[in-house]
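Asks: Quick one: sequence plus predicted model below, questions after.
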Amino acid sequence: MKLLVIEDEIKLADYLRKGLSEEGYVVDVAHSGIDGLHMATEADYDLLVLDGMLPGIDGLAVLAALRQSKQTPVLMLTARSQIEDRVRGLQGGADDYLVKPFAFSELVARIQVLLRRAGGPRNGSEPTVLKVADLEVDLIRRKATRAGQRLDLTAKEFNLLSLLLRRQTEVLSRTELAEQVWDMNFDSETNVVEVAVRRLRGKLDQPFQWPLLHTVRGMGYVLEARES
Ligand code: CA
C-alpha cells in the first residue's frame, strides 16, 4: 500500500512518514500543494493524507483539482475544528477528516477504514483474505496464520509475504521485491531482500512440515504449495 502525505510542516511530515512506514506502508511526502497535486496525479497512490492549510494552493484546492481526474481516497487534516471547514472538505470530495492535533493511532485507524472501504465490494476485485494450502493472510487485519497458528511478522515481512501470496506461483525477482516492498531501486551491494526472505522463512516455513516459499536459482522467489 502506497500513501502520499501532503503536509508543509516538516516535523509533522517526517513524523508521519516514519510512523506510517513502521506500520508497513510505503510513504511519499510532499511539502506543498503544488508538489502534492503533481505527485498524486502522476502516480497511483492508495490513499492521500492531505493537510488543509498549505502555502500556495491549500488543501481544498488540491482536492478539487485532484477530483477532476482521480478518485484516490483522501483523508484531510485540519487545524480548524469549525464545522464549515469539515463540511466544505467532505463536499469537496474528502473521504474523511481528522482535526489536529490527533493521536497517531487514530490516524492509522482512519487510514485502515478508508483503505478497507476502497478495497471493499464497491469497486474491489481483489479479495482481502488470501490463502494457499494451510496459509491464510488477512490483508486488512494484517494477520497471517499457518495451520491455524498466528505468525509473528514484522511490517516488512508481512508486506513481503502479502506480495508473494498475491502473485502466488509467479517467480518474483529480488529487484521487483525490493521495489515493491522497500520502495527502493535494487542495489547489488545490498542483500536486504535475501535477509528478509531468510527471516520470513524462519517463521513461515521452518516450524511447519513443508515449505511454501521457494528459491528459483538465478531468478528469484515463488510462493506456492508443491507436491512433495
Ligand atoms: Ca499546514
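Replies: Yep, it's here. Note that the structure is predicted; figures quoted are calculated from it, not measured. Numbers count the residues shown, from 1 in each chain.

Asks: Next up, the contacts around the spatially most central residue of the chain.
Replies: Centroid-nearest residue in the chain: residue 1, 2.2 Å away (criterion: C-alpha atoms, centre = their mean). Residue 1 makes contact with 24-26, 46-47, 115, according to C-beta atoms under 8 Å, 6 or more residues apart in numbering. Quick note: C-beta positions are derived from backbone N, CA and C, even for glycine.

Asks: Also residue 128?
Replies: 116, 119-120, 138-140.

Asks: got the buried residues for the lowest-mean-pLDDT helix or strand in the chain?
Replies: When each helix and strand of the chain is scored by mean pLDDT, DSSP states H and E, helix 83-91 comes last, with a mean of 75. Using 16 or more other C-beta atoms under 10 Å as the test for burial, helix 83-91 gives 85-86, 88-89.

Asks: now stretch 16-30
Replies: For stretch 16-30, using 16+ other C-beta under 10 Å, the buried residues are 16-17, 20, 23-30.

Asks: between the residues you listed, which is closest to residue 133?
Replies: residue 24 (23.7 Å; C-beta to C-beta).

Asks: Could you check what's spatially nearest to that closest one, not counting adjacent residues?
Replies: Nearest residue to residue 24, sequence neighbours excluded (C-beta to C-beta, 6 or more residues apart in numbering): residue 155, at 3.2 Å.

Asks: Quick check: pLDDT value at the one you found.
Replies: Listed pLDDT for residue 155 reads 89.

Asks: is it true that it touches residue 26?
Replies: No: counting by C-beta atoms under 8 Å, residue 155 does not reach residue 26; the two are 10.7 Å apart.

Asks: about what we covered before: just the ones in strands from the contacts of residue 1, please.
Replies: 26, 47 (DSSP state E).

Asks: Now the contacts of residue 1 in a markdown table, please, with extra columns for pLDDT.
Replies: Converted to a markdown table, these look like this (pLDDT from 0 to 100):
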| residue | pLDDT |
| --- | --- |
| 24 | 83 |
| 25 | 87 |
| 26 | 88 |
| 46 | 92 |
| 47 | 96 |
| 115 | 89 |
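
Asks: need the strands for the chain, in chain order.
Replies: Along the chain, counting by DSSP E, strands occupy 2-6, 26-30, 47-51, 74-78, 96-99, 129-132, 135-138, 143-146, 149-151, 213-216, 220-223.

Asks: Show me the helices in this protein, by range?
Replies: Using DSSP state H, the helices of the chain run over residues 10-22, 33-42, 59-66, 83-91, 104-119, 155-166, 174-182, 192-204.

Asks: mean pLDDT for those: which is lowest?
Replies: Of all these, helix 83-91 has the smallest average pLDDT, which comes to a mean of 75.

Asks: That one: how far from the chain's middle?
Replies: Offset of helix 83-91 from its chain centre (C-alpha atoms, centre = their mean, to the nearest Å): 27 Å.

Asks: helices or strands up against that helix?
Replies: Judged by 3 or more C-beta pairs under 8 Å, 6 or more residues apart in numbering; DSSP states H and E, the packing partners of helix 83-91 are helix 59-66, strand 74-78, strand 96-99.

Asks: So which bits of the protein are right by the ion?
Replies: Residues of the chain lying near the ion by C-beta under 5 Å from the ion: 8, 51, 53.

Asks: okay if I get the residues you listed as CSV plus pLDDT and neighbour count?
Replies: CSV is the format used below for these (pLDDT from 0 to 100; neighbours: other C-beta atoms under 10 Å):
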residue, pLDDT, neighbour count
8, 95, 17
51, 94, 25
53, 89, 17
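
Asks: want to throw these into TSV with distance to residue 161?
Replies: Shown next, in TSV, are these (distance: C-beta to C-beta, whole Å):
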residue	distance to residue 161
8	36
51	33
53	39
